[in-house]
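Q: any chance you can model this:
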Amino acid sequence: MSLLFFFFLLFCSLNLQVTLATAADLKAKENPFTPKAYLTRYWNKKINNNLPKSPFLVSKASPLKAVDVASFVKLAAAQNKPPSLFPGISFNVYGPYEDIGKNDINFMTYGGNSNESSTQTSEDPEPSTNSLVNKKKLVTKKMEFSDHSVEPGKYFRESRLKQGTVMPMPNITDKMPKRSFLPRSVVSKLPFSSSKLSAIKEVFHASDNSALECIIKEALKDCERKPNQGETKRCVGSAEDMIDFATSVLGRDVTLRKTENNKGAMQKILIGSVKAVSGGKATKPVSCHQKLYPYLLYYCHSVPKVRVYKADILDPKTKKKINHGVAICHLDTSTWSAGHEAFQALGSGPGRIEVCHWIFENDLIWTIADH
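A: As a prediction, this is how the structure comes out:
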């Protein structure tokens with residue numbers, strides 16, 4: 001054997017080993033049976049573009065192992081009803097869902113209602129995403145501002161969305177406990193209806209008159225509410241269900257947007273570069289707002305005549321970018337309640353002005369993709 005041929009064989013052997021090692025590493029990193037891998041494939045199947053997938057949505061896929069998912073589905077099938085979460089199944093990786101109902105938990109209102117007695121009317125386009133609990137009943141915590149004031153910056157006019165504007169930013173911080181979606185195969189086996197409240201309480205070990213029971217009832221009430229005029233709505237407990245709803249409204253050429261973080265909350269901000277989505281056309285995007293529930297649940301809805309903007313958010317002193325926000329402007333407010341707090345803040349009435357607001361941290365908005 002010539003020396004040249006020997007080195008050729010050695011090179012081929014080493015190259016093959018490297019290739020096999022790389023393939024093994026990829027296989028270890030990308031288990032095709034994980035919920036995240038399944039979600040990635042589902043996204044590719046349902047969404048007809050090559051735009052980047054939402055890292056946030058993918059991160060919310062269930063951390064459950066495939067064997068645990070299969071065990072739950074098998075138990076549900078054998079009993080012809082969903083078993084309690086989750087006998088014999090290791091669910092510690094999912095999160096302490098029991099903590100959601102502890103009496104000492106106290107959350108602030110996500111949307112910032114002005115007082116405990118204030119409630120959203122049926123005309124309101126954005127139901128409160130976080131009406132939560134105290135020790136005995138579901139309540140909303142008073143804002144730090146005056147009893148009947150609207151949080152500064154919560155609502156604003158479209159003309160404010162231009163470079164160089166200094167304006168207050170409301171508290172856009174996500175105050176929900178960290179949760180993940182359940183796998184769709186599990187969600188489909190769980191009851192989700194006011195008529196099945198007893199079964200839901202059994203699943204999540206919610207005792208009578210407990211905080212957890214109040215949380216469940218409040219979420220069901222919002223999800224079962226009759227749609228407003230022109231509204232399309234659905235509550236989703238899996239990422240796949242959210243994708244299905246968004247594409248059913250907007251088609252398959254869509255993208256998912258969110259405000260990048262919560263920086264700038266409750267302080268003055270400087271608006272940097274601003275761009276209108278979809279060429280500034282009035283569209284019908286799908287907004288998804290978190291609901292408090294034992295697993296990650298989003299209230300998704302679509303209302304007509306909405307313009308969406310994305311904007312760099314700067315520190316007014318240093319002029320440095322601290323956030324990238326998404327804002328939506330409701331162009332037709334004619335069906336809103338005359339008592340809506342947006343009109344209290346902006347000094348007008350239904351149908352007379354447009355109303356804009358930021359998409360809060362970890363809420364989501366689906367739009368037709370810009371190419």
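Q: going by C-alpha atoms from here, please, whenever you check contacts or count neighbours.
A: Noted.
Q: now the strands for the stretch 251-371 of the chain?
A: With DSSP state E, counting those that start in this stretch applied, the stretch 251-371 of the chain shows strands at 254-257, 268-276, 286-291, 297-302, 306-314, 321-330, 355-358, 364-368, listed in chain order.
Q: paired strands for the fourth one, with orientation please.
A: Each strand paired with strand 297-302, and its direction, by DSSP bridges: strand 232-236 (antiparallel), strand 286-291 (antiparallel).
Q: next, the angle from the helix or strand harbouring E218 to strand 232-236.
A: Assessed by DSSP states H and E, E218 sits inside helix 211-224. Interaxial angle of helix 211-224 relative to strand 232-236 (axes from the mean of the first three to the mean of the last three CA atoms, to 10 degrees): 150 degrees.
Q: what is the mean pLDDT for helix 211-224?
A: Averaging pLDDT along helix 211-224 yields 95.
Q: just the CA trace of it, in CSV.
A: Presented in CSV, the C-alpha positions along helix 211-224 are these (Å, rounded to 0.1, in the frame of the first residue of the first chain):
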residue,chain,number,x,y,z
ALA,A,211,-58.8,31.0,45.3
LEU,A,212,-58.0,28.4,42.6
GLU,A,213,-61.8,27.8,42.0
CYS,A,214,-62.3,31.6,41.6
ILE,A,215,-59.4,31.7,39.1
ILE,A,216,-60.9,28.9,37.0
LYS,A,217,-64.4,30.4,37.1
GLU,A,218,-63.1,33.8,36.0
ALA,A,219,-61.1,32.4,33.1
LEU,A,220,-64.1,30.4,31.9
LYS,A,221,-66.4,33.5,32.2
ASP,A,222,-64.1,35.5,29.9
CYS,A,223,-63.6,32.7,27.5
GLU,A,224,-67.3,31.9,27.2
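Q: next one: it to chain centre, how far?
A: With CA atoms, centre = their mean, to the nearest Å as the basis, helix 211-224 stands 17 Å off its chain's centre.
Q: ok, now how distant is F192 from D208?
A: 17 Å (CA to CA, to the nearest Å).
Q: tally of neighbours for the spatially closest residue to K36 that is not a sequence neighbour?
A: Using CA to CA, 6 or more residues apart in numbering and skipping the chain neighbours, the partner closest in space to K36 is A61 (5.4 Å). By other CA atoms under 10 Å, the residues close to A61 number 25.
Q: contacting residues around A61?
A: A61 is in contact with P35, K36, L39, S180, F181, L182, P183, S238, A239, counting by CA atoms under 8 Å, 6 or more residues apart in numbering.
Q: so for the last one, what's the pLDDT?
A: Model confidence at A239, given as pLDDT, is 97.
Q: that one contacts L39, correct?
A: Yes. Counting by CA atoms under 8 Å, A239 touches L39, with 7.3 Å between them.
Q: the more surrounded of the two?
A: A239 (27 against 22).
Q: which residues are in contact with the more buried one?
A: Per CA under 8 Å, 6+ apart, neighbours of A239: L39, L57, K60, A61, F181, R184.
Q: so A311 makes contact with K321?
A: No. Contact between A311 and K321 fails when scored by CA under 8 Å: they sit 10.3 Å apart.
Q: more neighbours: the two, which one.
A: With neighbours defined as other CA under 10 Å, A311 and K321 compare such that A311 has more, 20 against 17.
Q: gap between that one and T173?
A: 17 Å.
Q: equivalent analysis for H357, please.
A: Taking CA to CA, one finds H357 at 14 Å from T173.
Q: which one of the two has more residues nearby?
A: A count of neighbours by other CA under 10 Å puts H357 above the other of H357 and T173, at 20 against 17.
Q: helices and strands around the helix or strand where A76 lies, which ones?
A: Here A76, judged by DSSP H and E, is contained in helix 66-79. For helix 66-79, the elements it packs on are helix 184-187, judged by 3 or more CA pairs under 8 Å, 6 or more residues apart in numbering; DSSP states H and E.
Q: what sits up against the helix it packs on?
A: V69, F72, V73, G237, S238, A239, E240, D241.
Q: just the buried residues from these, in ChimeraX please.
A: Entered in ChimeraX, the line below selects the buried ones among those, by 16 or more other CA atoms under 10 Å:
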select :69,72,73,237,238,239,240
